[in-house]
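**Student:** Take a look and give me a structure for this.
(2 chains)
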Amino acid sequence: MGKLSMPMNTTIAARATLNAGIGGGQESKLFRWALIAIATAFLGLFLFAPIIAVFAKALEKGLSVYFSAITEPDAQAAIRLTILTAAITVPLNLCFGVAAAWAITKFDFFGKNLLITLIDIPFSVSPVISGMIFVLLFGAQSLLGPFLTAHNIKIIFAVPGIVLATIFVTSPFIARELIPVMQAQGSEEEQAAISLGASGWQIFWRVTLPNIKWGLLYGVILCNARAMGEFGAVSVVSGHIRGLTNTMPLHVEILYNEFQFVAAFSVASLLTILALVTLAAKNFVQKKSRQRFITSPVEGIDYSGVQL
Amino acid sequence: MKPKSILLKQRGVLPGFGLTMGFTIFYLSMVILIPISMIFIKTASMSWDQFVGAVTSPRAMAAYYLSFTASFIAAMINGIFGIIVAWVLERYNFPGKRIIDGLLDLPFALPTAVAGITLTAIYSSNGWFGQYLEAIGIKAAYSPLGVVIVLTFVGLPFVVRTLQPVLHDFDKEMEDAAASLGANRWQTFTKVILPELLPALLTGFVLAFARGLGEYGSVIFIAGNMPMRTEITPLLIMIKLEQFDYAGASAIAAVFLLASFTLLLLINLLQRRKNLVRA
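**Tutor:** Take a look at the predicted model:
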């Protein structure tokens, strides 16, 4: 793909720039545009076409069909359950993230690296396995099973199971954003505050929080997106009861399997809008804070998506 | 980064160690450690023969094979095109560049079920691209190729995002030096730039590969899910769960978890090496 003609062109280009005194490091115009074309074509096939296709398929039968698909009772119930799940999951993981980041970055203790590795576990676990562990823990066949049945507590194939699986899957996001941010910040300011007589909570609210707010927000955005979009883990524990234990991604699956394609893509379009808003918010926060956030056990890598 | 002061990091100077550490350990145990240990507890309840029988059944072997090869090929595709995309985004200016850069993380943000049904619609035999592939005799959806297509989508940002910072910080004087010593642009790229990119490229590759291995949501729509042919490992686990074969599911999950943890370790080692090289 254009690579054959390259050595000659680039040699000329390199010499030309060299002669012009600019130095090396320029490709010929033709080669540059060929590379841009290849990159755009690849992204077109795998990235842009899907975005366009979601909306094209959703609006295939017109706006009224689209709106009736997203306002029918089962879809509404799915939307409500998705929002409920995120509303429980995100605050809990926020508390966890802040506590973990505080403990890890403000103090020295034995086993710190192990703790960081443990926090990362959910990133490397397949979604299906993430759901299955809760079936093993709370399902009818489990040790707790008879106790739960006797007391009429339903966790698996019910909303608590969905929430638990979502909490597991999204638990590292906020902690993983905050740890590097707070590490870079150091503790000098907190130290100064404490020498001036501030209490622990005062230090956190007045000193630490203003410093970490963008990293915190970034983590919340990612955590929320994953909580609303999680499919595999939730699919294992949900039981797929329409109107009761169906989140939006599960509702998309059911509609699709029933060949209600327009309805499936209509609900999917809402999730796509959520994804686009998430990306916009992410880019906004990144720009606002002028730093590149990472969610990575290793420096410099946006690890956030390993199972996103 | 500010220089770390050893004095300030001593325990007990700032308040809240007990509270935050206690809560972290409690949460971690309840949410992650106890649930994940169930896999190994359940697997341990099997005899060795049962375990070996479950993890080496022909159907399981076929599922591992598909999961590994499809993830590997998808990661290769992402490796090759990822270099081009990262290069173009870091080095050239062209209209739409910022939009592309902003949308590149979409596979991270888009729910996998949505990716699955959408890519199936595009690449099935009457879809936008699928019809042309069908015309030249290639069946994309409901075949192993379909699995590769969705895994390519799912892993797309990794290589680009790992390469971008390295390319951004790359010392252009090295390129100038190579050029002034008579290297042409291709030689400069392969002999000077590529070796610098290699650790990041490998990291991105392994991340995309690991992501592909575990992926479930998008694959099940496009694969067709035929046992022995287009059934990925996470789906096999799901099927065993639906048949209430919890021990069999746990055994395969344990094997799979071990593979994921090994990959994670590999990524960490690669990254450590990269940091050593840079330091």
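
**Student:** all contacts plus neighbour counts: C-alpha atoms, from now on.
**Tutor:** Fine.

**Student:** Mind jotting down where the helices sit in the stretch 51-200 of chain B?
**Tutor:** Remark: helices assigned in the stretch 51-200 of chain B by DSSP state H, counting those that start in this stretch are B:58-91, B:97-103, B:106-109, B:112-123, B:130-135, B:144-169, B:172-180, B:185-187, B:194-214.

**Student:** now for those, which one comes closest to residue B:220?
**Tutor:** Closest of the helices of the stretch 51-200 of chain B to residue B:220 is helix B:112-123, at 7.4 Å (criterion: Cα to Cα).

**Student:** contact partners of the closest one?
**Tutor:** For helix B:112-123, the surrounding residues in contact (Cα atoms under 8 Å, 6 or more residues apart in numbering or on different chains) are A:49-50, A:53-54, A:229-231, A:249-250, A:252-253, A:256, A:265, A:268, A:271-272, B:107, B:127-131, B:140-141, B:146, B:150, B:216-222.

**Student:** Let's see that with 7 Å instead.
**Tutor:** Identification of contacts with helix B:112-123 by Cα atoms under 7 Å, 6 or more residues apart in numbering or on different chains yields A:50, A:53-54, A:231, A:249, A:253, A:268, B:127-130, B:140-141, B:150, B:217-219, B:221-222.

**Student:** Out of those residues, which end up buried?
**Tutor:** Among the contacts of helix B:112-123, those classed as buried by 16 or more other Cα atoms under 10 Å in any protein chain shown are A:50, A:53-54, A:231, A:249, A:253, A:268, B:127, B:129-130, B:140-141, B:150, B:217-219, B:221-222.

**Student:** Next step: the contacts of helix B:112-123 restricted to strands.
**Tutor:** If you go by DSSP state E, these have nothing in strands.

**Student:** distance of residue A:239 from chain B?
**Tutor:** As judged by Cα to the nearest Cα, to the nearest Å, residue A:239 and chain B stand 10 Å apart.

**Student:** ok, now which ones touch that residue?
**Tutor:** Neighbouring residues of residue A:239 by Cα under 7 Å, 6+ apart: A:157, A:245.

**Student:** switch to 10 Å and redo it
**Tutor:** A:156, A:157, A:158, A:159, A:161, A:162, A:245, A:246 (Cα atoms under 10 Å, 6 or more residues apart in numbering or on different chains).

**Student:** hang on, the earlier thing: need the helices of the stretch 51-200 of chain B in a markdown table (columns: mean pLDDT).
**Tutor:** Formatted as a markdown table, these follow (pLDDT from 0 to 100):
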| stretch | mean pLDDT |
| --- | --- |
| helix B:58-91 | 94 |
| helix B:97-103 | 90 |
| helix B:106-109 | 91 |
| helix B:112-123 | 94 |
| helix B:130-135 | 87 |
| helix B:144-169 | 92 |
| helix B:172-180 | 83 |
| helix B:185-187 | 84 |
| helix B:194-214 | 90 |
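
**Student:** Can I get those helices in a markdown table including distance to residue A:39?
**Tutor:** Shown next, in a markdown table, are the helices of the stretch 51-200 of chain B (distance: least, Cα to Cα, whole Å):
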| stretch | distance to residue A:39 |
| --- | --- |
| helix B:58-91 | 5 |
| helix B:97-103 | 10 |
| helix B:106-109 | 16 |
| helix B:112-123 | 19 |
| helix B:130-135 | 20 |
| helix B:144-169 | 11 |
| helix B:172-180 | 23 |
| helix B:185-187 | 18 |
| helix B:194-214 | 17 |
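
**Student:** which stretch among those helices comes nearest residue A:32?
**Tutor:** Closest approach to residue A:32 among the helices of the stretch 51-200 of chain B (Cα to Cα): helix B:58-91, 8.0 Å.
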